[in-house]
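J.: Structure for the following, please:
(6 chains, ligands or ions: 3)
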Amino acid sequence: MKTMMKASSKFIFLAMLLLIIGALVAPALVTAQEAAPAAAAAPAAPNKIDTGDTAWMIVATALVMLMSIPGLALFYGGLAKTKDALNTMAMTFVTFCIVSLLWVLYGYTFSFGDDVRGLIGNASKLFLKGVGPNSISDLAKTIPEYIFIAYQLTFAAITVALASGAYIERMKFSAWVLFSVIWMTLVYLPVAHWVWGNGFLAKLGALDFAGGTVVHVNAGIAALVGALMLGKRKSKPIMPGNLTLVITGAGLLWFGWFGFNAGSALAANGLAGAAFINTNTAAAVAALAWMFIEWKHSGRPTVLGLASGAVGGLVAITPAAGFVNVSGAIIIGIAAGIIPFYAVAKLKPMFGYDDTLDAFGIHGIGGMLGAILTGVFADPAINPAGTGLLYGNPGQLWTQIVAVAVTVVYSGVMTFIIFMIIKAVVGIRVDAEEEMRGLDESQHGEKAYNL
Amino acid sequence: MKTMMKASSKFIFLAMLLLIIGALVAPALVTAQEAAPAAAAAPAAPNKIDTGDTAWMIVATALVMLMSIPGLALFYGGLAKTKDALNTMAMTFVTFCIVSLLWVLYGYTFSFGDDVRGLIGNASKLFLKGVGPNSISDLAKTIPEYIFIAYQLTFAAITVALASGAYIERMKFSAWVLFSVIWMTLVYLPVAHWVWGNGFLAKLGALDFAGGTVVHVNAGIAALVGALMLGKRKSKPIMPGNLTLVITGAGLLWFGWFGFNAGSALAANGLAGAAFINTNTAAAVAALAWMFIEWKHSGRPTVLGLASGAVGGLVAITPAAGFVNVSGAIIIGIAAGIIPFYAVAKLKPMFGYDDTLDAFGIHGIGGMLGAILTGVFADPAINPAGTGLLYGNPGQLWTQIVAVAVTVVYSGVMTFIIFMIIKAVVGIRVDAEEEMRGLDESQHGEKAYNL
Amino acid sequence: MKTMMKASSKFIFLAMLLLIIGALVAPALVTAQEAAPAAAAAPAAPNKIDTGDTAWMIVATALVMLMSIPGLALFYGGLAKTKDALNTMAMTFVTFCIVSLLWVLYGYTFSFGDDVRGLIGNASKLFLKGVGPNSISDLAKTIPEYIFIAYQLTFAAITVALASGAYIERMKFSAWVLFSVIWMTLVYLPVAHWVWGNGFLAKLGALDFAGGTVVHVNAGIAALVGALMLGKRKSKPIMPGNLTLVITGAGLLWFGWFGFNAGSALAANGLAGAAFINTNTAAAVAALAWMFIEWKHSGRPTVLGLASGAVGGLVAITPAAGFVNVSGAIIIGIAAGIIPFYAVAKLKPMFGYDDTLDAFGIHGIGGMLGAILTGVFADPAINPAGTGLLYGNPGQLWTQIVAVAVTVVYSGVMTFIIFMIIKAVVGIRVDAEEEMRGLDESQHGEKAYNL
Amino acid sequence: MKLIKCIIQPYRLDELKEALGTTKVHGMTVTDVKGFGRQKGHTELYRGAEYTVDFVPKVELELVVPDDAVQQVLDLVVKATRSGKVGDGKIFVIPVEEAIRIRTGETGDTAL
Amino acid sequence: MKLIKCIIQPYRLDELKEALGTTKVHGMTVTDVKGFGRQKGHTELYRGAEYTVDFVPKVELELVVPDDAVQQVLDLVVKATRSGKVGDGKIFVIPVEEAIRIRTGETGDTAL
Amino acid sequence: MKLIKCIIQPYRLDELKEALGTTKVHGMTVTDVKGFGRQKGHTELYRGAEYTVDFVPKVELELVVPDDAVQQVLDLVVKATRSGKVGDGKIFVIPVEEAIRIRTGETGDTAL
Ligand SMILES: Nc1ncnc2c1ncn2[C@@H]1O[C@H](COP(=O)(O)OP(=O)(O)O)[C@@H](O)[C@H]1O
Ligand SMILES: Nc1ncnc2c1ncn2[C@@H]1O[C@H](COP(=O)(O)OP(=O)(O)O)[C@@H](O)[C@H]1O
Ligand SMILES: Nc1ncnc2c1ncn2[C@@H]1O[C@H](COP(=O)(O)OP(=O)(O)O)[C@@H](O)[C@H]1O
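T.: Numbers count the residues shown, from 1 in each chain, chains lettered A, B, ... in the order given. Ligands and ions are numbered 1, 2, ... in the order given. Prediction:
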């Protein structure tokens, strides 16, 4: 109960703060110039399937799927205590399955169906009505719509799964299942539409190449709010159960991220090439930055630091991948290695929220960082669709802040409400004794290892 | 010996049953309408390499390779007892190597060489004679024949490897090596030819987009018969050694399966797109179905249940992926989550065969399910090459049953004979003391972990 | 100190030997006929992006990245003692990050910039100056230069990382970080330029399709020399900490190697197809060869043997993949399964160098083997760019030997010098007590497992 | 001297360590063990099958203490680990004839 | 009371547990141990090299029983675990001065 | 007979085994344990946070030897495992009333 109080009060404060930001930036809405969403990066020729673009996008879709299972499942599962490892992996696994189903039922149409007042997609493609092997979406004019649908599906799935990192080792599995269904429906679908489905943020000219706000800020805020609602775990110390899994997961995330970022060009072209090398550069630089900072700070460089830095860099470059040049990617990488490190090492203990695996610290902070820096470093020579502060367009920075603020407020408020609902329906936390025995046994009747 | 009796008697019964089915469906052979094999789904233009199709098929081939090593090796190896984990992984590993060699020597030509009386391919391409970088097969008119050869190779390899799941924790490694050579030669090659090499099942109009009968029914029956021949393990209880490996393996299988199913379009086109989304949908739905059934049945949802359901769904959608629409995929997914669950939880204990990792329960049952439902849900709007019962072609269902029955009988009888031969030559089971010490030590002189 | 003496003396001997070889082959330089480097295998049309080629090369680049993290990290990390597993993985991880950064800063231009006297590339593309989304390199005329840059980056990274296998369980992490920076700069960049950047070995007509000399001989010699410089570990016996990781790593290496070898065609064409099937065949054959040799030699086949053989085969086929036919691949595979086995099982104990994970035994020996056999089996029917001894061009064999000798001498001498420098600056070995406690704790303050 | 062997619930270890901190017991040796007793194990699931794990994970503490400290330690252990639920565990007291501190060769109580 | 320490072959544990079920021994504590003795370890392979693992995995049972039950338990253990092959293991009997059931504070035989 | 319990540094085990090879001690049982004592554990890092692992990995040897061999074994152990640094470990001597070799049923010293 007490936790509850603290949680909500903390949250209210957070919400207030952000509503203010929102208000401040209102004017920007008026002055903001038009700009095309990332999708526009694909050639504006008549819709015709190109086998090369299709080949790449099929693979890109598979790559992003891999990021969830087993990528994220390993990254998170290896960091969890051994007695909670399977439950942690199950959260990502079940979420990917739930979203996969709901996406074809109604998710796709509500986020990518024809725009309704800039807020949501219409229901014209409920159950993929009217989509066939020969359909092509106007948002991806050279590949089969089925692939575009599947590609977007994988983004929705991993966004929800990312939040679980802040909830593990204490959340009821049934509550998580409910959360996946509701949060994906009420939070992910609209936000994705706003930015990528010709919604109001797209019209506003917000730049988000591969999901800095839609995916990472969105999930990171949900992580923070959820962690506050759940309250602290009984047993403090972190005890990563199996760091070899963490490195494996980090490697698969990095690998899959090429599909995530370079795939967001929606074609096999030079823009995809730029996104690819920016992604790799930012990840590498951030990993090194985190490692050196930690070396200085704690006296030794850690493997987890390398992996965490790499993920931080991948997160931060996500919105920028198809807009910035390599120098931009390097700077974003440095920032993404240092700032999340301090967010995790200092901010978390200071505020005392129990973000188990730093989903907020890395994805929330890293996502905001990337979204805002995109407004600074977007280089029209890389992508005419985006011009940042450094290239004479200060308005873009403002627009980016607006997009972030809107996402933060909406995701924060909605997550709070959703947790309240779930708490009322099935409860959100396992009881103390189950927590102590471990969620693998209590929630699933399984044991990760019998060595 | 006693086991032997029980085994054979059980088997005879099984064989009888299926011969009867075979007889019953004979008439169907006459009335069955012509239909092209899945391969025909590729454009019928003059043979010319398309870089996009080639790009996709190179990757698809690599993806299916990944399904065996490390995909299946992890999925099976993690479920095995720790003392048998390496041996279990070695079975898949060595099989992939053996088939890789035999395939280029004679496997390819006997399954995909010019048809001889609908039964087998001719020897024209022994040792890949006459195949060069510019060769193109009539079965895949837009990609280099080398890629088509390699792609088909990966199917042969994983089919053999799948059967090992029913044999582990007691089979001699030398016996398994022999089995791989003989079974691939005498069982896989002809069956693959029948369905995909313009053999009699293809002529009959059997639909098998990516290998429901050729791969899963075929391997599943081999698994059952082999398990009966080997007899029960000494130590009953299942003790999955490392479930994190199982989830990793399941994830890699899912990922690779996109190459398996979407790759079976043999091109980067809308059909591949349809196969892709059907594959993902069925896997997700089956995972959820299994999870909920188990939740109801045993009171808790398990991670292994999610993984097993996903694999079951992938198996069942395999023959249907390029023929059904998304609704069909959902229904197949539901069936594939529920029926294999009961096959494993109820059938196995009832009959008492020791299918260690449920290779029959999941691949055999799931494969039959998928093959038959393909005859029901095949939607000509997705693929003109296939029209199912629901779309006014009841004959197709019949044809599917015939194809399944033929495969079951042939694979069953041959596996029985092959095991008899191997038993006579090198024996099939390790001695009791080796089994108790674990096959890793006794067969390989190794230990999975030194933690 | 004593070790040091032994090390250097051993090394001097080695160097002498090779300088002599170098001298002997000098004449060959004169008579050697012109021949195009592998890159020339790409169509010589005007530079224009082909979506299919681009799709394949984006994926190939991602695949080679995967070979390092987590592929090699798992293969090496699983073989290391549990107390050194993370440090071993960290070496590959940090190297990939370091090279990723340096490559875009100056690595690319010095190896692939316009040739300067056949020795090094010029600085025209420092910081990728002048490269944009529409740039295309003359070395890869159908894909964006960004992808070509990223693709070559992944080769540089894994080459450095490979050497770590000989150094683990005793090398200071700081020393390794320094080594990565210096060795990549002073050794990899020039050698890569000589062979692939139109340097003197390319002009000489040396054939190296995907990196037999540039990558494997180069890294293998660095491994040997470094192992001699570091001296023996305190605790003899090998204790693979987790063989399931080794099999996983081997599988991912095999999978990624398709990008490495088939990707070296730089296009999605028949040559890529040939390289693909040669790669798979050689890996499989070598795995079987190693397994059977070991079965004969030690009485039991090991899983590690299968994995080691597969890697040996992949190494040996690397320079040959796009030049030989399948029969050539089979012979190379057999040699690559047997010779490295004896190098590891007999040579190492005989000379007594402590090549912890046999980076020299497998990559050095396997690489030389492949490079030389390429000169024997190169079949012009597969690739007009290469004709070997068997096809009437004995000079090629000579040229190959020259290329290997040059690489061996250069890499050997430079590695020796680099180690001397690092030894002087930060020292190369952890102290005895840290070594005994394990490098994970002493270098990183982490523990691989908390089970 | 006596060897006090305590078989307790794993999650009681920390509290117990703190409690002992207040005494003159300077060291102890801890082993992970499997316990069989009145407290039964739990059931695990495997594809629709249920199997019971018949042991309970426990922690065994070995404390060698001077005779005069035995009673105090026993009381402390009981206090720190009792929950009143089945499975709390057992304490066994075993005679020790000699103790040696390897580092110094000291023997008897001073070696502890 | 006595502490009966049995070092046995791991795969004998189940039989032994059943056998003991028939007695008034209600509990025991089991530890995985490495044994060195007449029974030698096995050899493992590593890339053509052979190295011997010089220990044998064993299981150590600790049973504290009332004096009057000792003989019966000893007989049972020997009966349940003897195969006549080297490596069957050993039994050691050690005096126990006191036993306490933490849950109840009971002492002596009633605590077992 | 006595049970000699030695808690030593893990990396001393091999030397100790060799040393004992020279005596008439034919067997021993070894367990991995966690030690708490004067020697403190190390600190581990986790994303900028440091936490101390308060135990030290140790190895516990159990040797049952005939009375007349005790002194010799004690000396050997101390010799083989002393480094003079904190953490060398402890030796405890505990009385054993009976020993049985399961394989043969032999008892007493001959069972060792
Ligand atoms: N006779 C015994 N000898 C050795 N260990 C015992 C004995 N009885 C119980 N134990 C240990 O004590 C633990 C707790 O005993 P248990 O009967 O489960 O609960 P309680 O201690 O409350 O009676 C057991 O798990 C076992 O490890
Ligand atoms: N003197 C001893 N002290 C402690 N444990 C012993 C002793 N001798 C043997 N053991 C244990 O008993 C086990 C079996 O003994 P071993 O000599 O191998 O066969 P056997 O019991 O048939 O003589 C050994 O592995 C070891 O764990
Ligand atoms: N009173 C004790 N009872 C049981 N084990 C002890 C006791 N004191 C120390 N130990 C064991 O001996 C080990 C070494 O003791 P420690 O105090 O660290 O160094 P030293 O032996 O040099 O005094 C400890 O880690 C612990 O396992």
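J.: who touches residue D:53 in this structure?
T.: Residue D:53 is in contact with D:41, D:42, D:43, D:44, counting by C-beta atoms under 8 Å, 6 or more residues apart in numbering or on different chains. The way it works is simple: take the backbone N, C-alpha and C, and place the C-beta from them, glycine included.
J.: and with 10 Å instead?
T.: When contacts are counted by C-beta atoms under 10 Å, 6 or more residues apart in numbering or on different chains, residue D:53 touches A:441, A:447, A:450, B:237, B:239, D:34, D:40, D:41, D:42, D:43, D:44.
J.: residue in chain D nearest to chain E?
T.: residue D:37 (3.3 Å; C-beta to the nearest C-beta).
J.: max-length helix in the chain?
T.: Assuming you mean chain A. Criterion DSSP state H: the longest helix present in chain A is helix A:394-425.
J.: Please refer instead to chain D.
T.: From DSSP H, the single longest helix across chain D is helix D:70-81.
J.: Quick check on the residue in chain D that ligand 1 sits nearest to: phi, psi?
T.: Residue of chain D nearest ligand 1, by C-beta to the nearest ligand atom: residue D:35 (2.2 Å). Main-chain dihedrals, residue D:35, degrees, to the nearest 10: phi -110, psi 140.
J.: Could you give the bridge partners of it?
T.: Assessed by DSSP bridges, residue D:35 has beta-bridge partners residue D:56, residue E:29.
J.: what's the following helix or strand after the worst-scoring helix or strand of chain A on mean pLDDT?
T.: Taking mean pLDDT, DSSP states H and E as the measure, the helix or strand of chain A with the lowest value is helix A:2-31, at a mean of 42. Once the chain leaves helix A:2-31, the next helix or strand it forms, by DSSP states H and E, is helix A:51-66.
J.: Give me the angle between that following helix and helix C:51-66.
T.: 30 degrees (axes from the mean of the first three to the mean of the last three C-alpha atoms, to 10 degrees).
J.: Need the CA coordinates for stretch D:77-90. CSV is fine.
T.: Extracted C-alpha coordinates of stretch D:77-90, given in CSV (Å, rounded to 0.1, in the frame of the first residue of the first chain):
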residue,chain,number,x,y,z
VAL,D,77,20.3,-19.8,15.5
VAL,D,78,16.9,-20.9,16.7
LYS,D,79,15.8,-17.3,17.2
ALA,D,80,17.1,-16.2,13.7
THR,D,81,15.7,-19.1,11.8
ARG,D,82,12.4,-20.2,13.4
SER,D,83,9.2,-19.4,11.5
GLY,D,84,7.2,-22.2,13.2
LYS,D,85,6.5,-23.7,9.8
VAL,D,86,7.5,-27.2,8.8
GLY,D,87,10.9,-27.1,7.2
ASP,D,88,12.6,-24.7,9.5
GLY,D,89,15.3,-27.3,9.9
LYS,D,90,17.5,-28.9,12.5
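J.: any idea of the mean pLDDT in it?
T.: Across stretch D:77-90, pLDDT averages out at 93.
J.: Wondering if it reaches ligand 3 at all.
T.: No: using C-beta under 6 Å from any ligand atom, stretch D:77-90 stays clear of ligand 3, coming no nearer than 13.1 Å.
J.: list the buried ones in that stretch?
T.: Across stretch D:77-90, burial judged by 16 or more other C-beta atoms under 10 Å in any protein chain shown covers D:77, D:78, D:80, D:81, D:82, D:87, D:88, D:89, D:90.
J.: Could you say which of the contacts of residue D:53 is surrounded by the most neighbours?
T.: residue D:44 (23 neighbours; other C-beta atoms under 10 Å in any protein chain shown).
J.: and the strand or helix carrying that residue, what other elements does it pack with?
T.: According to DSSP H and E, residue D:44 maps onto strand D:43-46. Strand D:43-46 sits against helix B:270-298, helix B:303-317, strand D:49-52, with contacts defined as 3 or more C-beta pairs under 10 Å, 6 or more residues apart in numbering or on different chains; DSSP states H and E.
J.: For the second one, which helices and strands make contact with it?
T.: The contact analysis (3+ C-beta pairs under 10 Å, 6+ apart) places helix B:303-317 against helix A:85-102, helix B:73-79, helix B:243-261, helix B:270-298, helix B:326-342, helix B:365-377, strand D:43-46.
J.: Which residues are in contact with the residue in chain D positioned nearest to chain A?
T.: Per C-beta to the nearest C-beta, residue D:45 is where chain D lies closest to chain A, at 4.1 Å. Contacts here follow C-beta under 10 Å, 6+ apart; on that basis residue D:45 touches A:444-446, B:294, B:297-305, D:51.
J.: Residue of chain D nearest chain B, please.
T.: The nearest approach of chain D to chain B comes at residue D:48, 2.6 Å away (C-beta to the nearest C-beta).
J.: For residue E:109, see how far away that residue is.
T.: To residue E:109, residue D:48 is 44 Å away according to C-beta to C-beta, to the nearest Å.
J.: more crowded one of these two?
T.: Neighbours per residue, other C-beta under 10 Å: of residue D:48 and residue E:109, the larger number sits with residue D:48, 21 against 15.
J.: Contacts only, for that one.
T.: B:290, B:293-294, B:297-298, B:302, B:305, B:308, B:341-346, B:348-349.
J.: Repeat the analysis, applying 7 Å as the threshold.
T.: Shown in contact with residue D:48 (C-beta atoms under 7 Å, 6 or more residues apart in numbering or on different chains): B:294, B:297, B:298, B:341, B:344, B:345.
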